[in-house]
Every structure is written in structure tokens, then in C-alpha cells.
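Participant: What shape does this take:
(4 chains)
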2 protein chains.
Amino acid sequence: MTDEVDRLVADWHRERGDLDLSAVEVFSRVGRLARHLDLARRKAFSAHGIEPWEFDVLAALRRSGEPYRLSPGQLLRETMVTSGTMTNRIDRLAERGMVRRLPDPADRRGVQVQLSATGRRAVDAAFEGLLASEHQLLSGLSGRDRTTLAGLLRTLMAPFDSPAD
Amino acid sequence: MTDEVDRLVADWHRERGDLDLSAVEVFSRVGRLARHLDLARRKAFSAHGIEPWEFDVLAALRRSGEPYRLSPGQLLRETMVTSGTMTNRIDRLAERGMVRRLPDPADRRGVQVQLSATGRRAVDAAFEGLLASEHQLLSGLSGRDRTTLAGLLRTLMAPFDSPAD
DNA sequence: CAGTGTTATCTTGACGTCGAGATAATGGAG
DNA sequence: CTCCATTATCTCGACGTCAAGATAACACTG
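Facilitator: Numbers count the residues shown, from 1 in each chain, chains lettered A, B, ... in the order given. You can find the predicted model right below:
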């Protein structure tokens, strides 16, 4: 059983037999898989009328728990985007009625982004759809394999976790 | 040992204890890891004065072997971008002297993109740098673990491989 | 060989993100 | 108090990508 990446590695090996390509076997698959997952995510969300970037913001608010309120600064750290991008995202989500901007009572520079009831319904439905879709994709792996995979990925993530991120 | 994703899952579990979050353990890590890898890739390439998108195109030409010549259509299929994007990329690579556009002798609609000597030197150096960087990131895993991980990822990729991709 | 659907590439306009900088408020040091 | 470095958010211009459509050439059909 060979896949895209096996062919990629075979090509490189033919051209550059002097190089150790073992890293490519892992990282190229991570990259491609992430790409396919993005598409699957987009598809799962489209059934609920939301975009991946919308989900990212709404989900951060949703999982922060009651009262579903975070500052733009907290949101941009959760979602790994710049402040300009977050301003734009909040604008568009507010236009759609998914969130509201409230003044921060303790800091007049600050703003609180409040998830609306509409937004909460949307993000809950979208998340359930996403889980169903991802569950499908995982069906090829046993429970034991899933745990192994999650563990190996966590190990790989470790260097990126806290330091100067 | 807990990571970002453990915290994410814990948050969701507190808010939505009714849902099975095992898929998140895997896919959220794949997505985040891919993001960090993109940054690491960008950093590794910057030492050689090229951008990730440049590498993607040049590497496709390089690993195709002599005479390092592919059509824009082949390139866009290799790199998973649209035709408009590829036209733009070839334009910029040609400006930098990394590739040349040649007419396709067999099809007057067609074009052949030819890797230049400069382009070949650049992509070879960049690839070596990338492998060194990725080797570092893999150092936390034993050879056995790497093989296991690559295998599990390949299994996950299988549904995406040939069908209507 | 005329007609027609397909293929290959390029063009265009809209969109989302980034990076740098602007604005405004805060909090600590002297 | 007054400075001043820091923090929070927003603004603006540039850039890369995409989607849709334009153009041109090919290849099959009758």
C-alpha cells in the first residue's frame, strides 16, 4: 500500500540518494493531512452556514464557559491570528449577530466580545457536525491506535509548546 | 505532561460533557503541529533566501528529475493551488531567475517551466536546510516511533488519496 | 473539414490576512 | 503629580490566493 508521500519520497530518493528522508515521511504527511482536514472542516461547517474562521472565534468563546465573554486580545491568542485580523473577524461576526462588542468596565481601552444566543446555537451545531465528520475519518483506527497517535503527536508538539511561542 | 490540546479538550469536556472528544485529541494536534511546522519551514528556508511557496514549486521541478521541466498544469496539481495562483508564482520565480518559461513544442497552448541552474542550487540548499531542521524536531522520537507514526498517518490519509481529490 | 466539447493557461476582481503604525488608556517610578 | 514604558485595540496598505471567466488550441465526431 503506497500513498502520495511514498511516491514523493521515492522521487527524492532517486534524485538525492545521499539524503536521509525519514523526516519527510512524517512531516510531509502531517502537512498534507492538515490540508485535507481543513477541507473536511470547511465542508462540515458549511452545512451549518459558518466558515472555519468563524468557528475558531465562536468556539473559543463557547469553551471559555459562561458568560461566554472574552477580550479581543484573549481571542487572538487563542486563535493565533494578528490583532488586525481579529478586529476584522469581530466586525463581521457582529454584523451577522453572532457576537456583540461590550465596553470593558474595568479598562476603558478594552472591549469584551460576548457570544450571542444565535452564536451559541450556531457553534454548538457546527461542533457536533465537525465531531461526526472527524469520527468518520478516525474509523480506520482502533482505540489503541488513536491513543498511540495522539501520544506521538503530543511528543512532537512539545518543543513548540511554551517557549517563545 | 499536558499540552495545549489537553487544555482545549478539558474545556470542551467541562462545557459539553455529552460529546465524544476523542477525535479532537488527534485532529487538533495534527492541525496545530502543521501550523508550527509551517513556521519552522519558513524559518529554515529564509536562511537560503526563499519562501515556502517558492520551495513548493522548485521542489516539484527538482524531484521530477532531468531535464527539470514541467507544465504549469502539472505544477498546480503537485502543489494543490489554482491555475491563477500558479501563473502568478511562475511569473515571480521567472523574475527572480529561478525558472524559465519555454513554449511546449507539441502543444501550442502549453508552456514548459524549466528550472534554471540558479533555481536548482537554491532548492537543493533549501531542502538540505529543511531536512536538518526537521531532523531536529524528530529527535524526540525513536526510529520505531517514527515508523509507527508515519504508518498511522498514512492510514488516516488513505480516504483522501485517490478518490475525487 | 466544419462543428463542438475539452484542455491549458492566463486575467481579473474580491477577499482575508499580515505587519507596521496610530490612538488611547493604564500603571509604576521618581 | 508627571513621565514614560507598556498594553489594548483599531486602521491602513500590501500581498497572495481563489473563483470565475476569457482566450486559444486541440481532438474527436460525423
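
Participant: The residue nearest the centre of chain A: what's it in contact with?
Facilitator: In chain A, the residue lying closest to the centroid (CA atoms, centre = their mean) is A:Asp56, at 6.5 Å. Neighbour list for A:Asp56: A:Thr79 [criterion: CB atoms under 8 Å, 6 or more residues apart in numbering or on different chains]. Glycine gets a C-beta too; all of them are placed from N, C-alpha and C.

Participant: That one - that's part of a helix, no?
Facilitator: Yes: counting by DSSP: H, G, I helix; E, B strand; the rest coil, one finds A:Asp56 located in a helix.

Participant: Please identify the buried residues of the host helix or strand of A:Val30?
Facilitator: Using DSSP states H and E, A:Val30 maps to helix A:22-46. Of all the residues in helix A:22-46, those buried under the rule 16 or more other CB atoms under 10 Å in any protein chain shown are A:22-34, A:36-37, A:40-41, A:44-45.

Participant: same thing with stretch A:136-154?
Facilitator: Buried, per 16+ other CB under 10 Å, within stretch A:136-154: A:Leu137, A:Leu138, A:Leu141, A:Asp145, A:Arg146, A:Thr148, A:Leu149, A:Ala150, A:Leu152, A:Leu153, A:Arg154.

Participant: what kind of secondary structure is A:Gln112 in?
Facilitator: At A:Gln112, secondary structure determined by three-state DSSP is strand.

Participant: Contacts only, for it.
Facilitator: A:Gln112 is in contact with A:Arg69, A:Leu70, A:Ser71, A:Arg101, A:Leu102, A:Pro103, A:Asp104, counting by CB under 8 Å, 6+ apart.

Participant: OK, contacts around A:Pro159?
Facilitator: B:Leu137, B:Gly140.

Participant: quick revisit: looking just at contacts, which helices and strands does the helix holding A:Val30 meet?
Facilitator: Judged by 3 or more CB pairs under 8 Å, 6 or more residues apart in numbering or on different chains; DSSP states H and E, helix A:22-46 is in contact with helix A:4-15, helix A:52-63, helix A:117-138, helix B:22-46, helix B:117-138, helix B:143-157.

Participant: Make JSON lines from the contacts of A:Gln112 and add distance to DNA strand C to it.
Facilitator: Below are those laid out as JSON lines (distance: CB to the nearest atom of the strand, whole Å):
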{"residue": "A:Arg69", "distance to DNA strand C": "18"}
{"residue": "A:Leu70", "distance to DNA strand C": "17"}
{"residue": "A:Ser71", "distance to DNA strand C": "13"}
{"residue": "A:Arg101", "distance to DNA strand C": "15"}
{"residue": "A:Leu102", "distance to DNA strand C": "15"}
{"residue": "A:Pro103", "distance to DNA strand C": "10"}
{"residue": "A:Asp104", "distance to DNA strand C": "9"}
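
Participant: touching DNA strand C at all, the helix holding A:Val30?
Facilitator: No: using CB under 7 Å from any atom of the strand, helix A:22-46 stays clear of DNA strand C, coming no nearer than 11.8 Å.

Participant: for chain A, what are the low-confidence residue spans?
Facilitator: When residues are selected by pLDDT under 70, those of chain A lie in A:162-165.

Participant: Can you name the residue of it nearest DNA strand C?
Facilitator: With CB to the nearest atom of the strand, the shortest gap between chain A and DNA strand C falls at A:Gly84, namely 2.5 Å.

Participant: Spell out which helix or strand contains that residue, please.
Facilitator: Secondary structure assignment for A:Gly84, by DSSP H and E: helix A:83-95.

Participant: Contacts for that helix next, please.
Facilitator: So helix A:83-95 is contacted by A:53-54, A:57-58, A:72-73, A:75-76, A:79, A:81, A:99-101, A:113, A:119 (CB under 8 Å, 6+ apart).

Participant: out of those, which are buried?
Facilitator: Neighbour counting over the contacts of helix A:83-95 (16+ other CB under 10 Å) leaves A:Trp53, A:Glu54, A:Val57, A:Leu58, A:Pro72, A:Leu75, A:Leu76, A:Thr79, A:Val81, A:Val99, A:Val113, A:Gly119 as the buried ones.

Participant: Can you narrow these down to the ones near DNA strand C?
Facilitator: Restricting the buried ones among the contacts of helix A:83-95 to those near DNA strand C - CB under 7 Å from any atom of the strand - leaves A:Trp53, A:Val81.

Participant: For DNA strand D, state which of the buried ones among the contacts of helix A:83-95 is nearest.
Facilitator: Top of the list for closeness to DNA strand D, among the buried ones among the contacts of helix A:83-95 and by CB to the nearest atom of the strand, is A:Pro72 at 4.0 Å.
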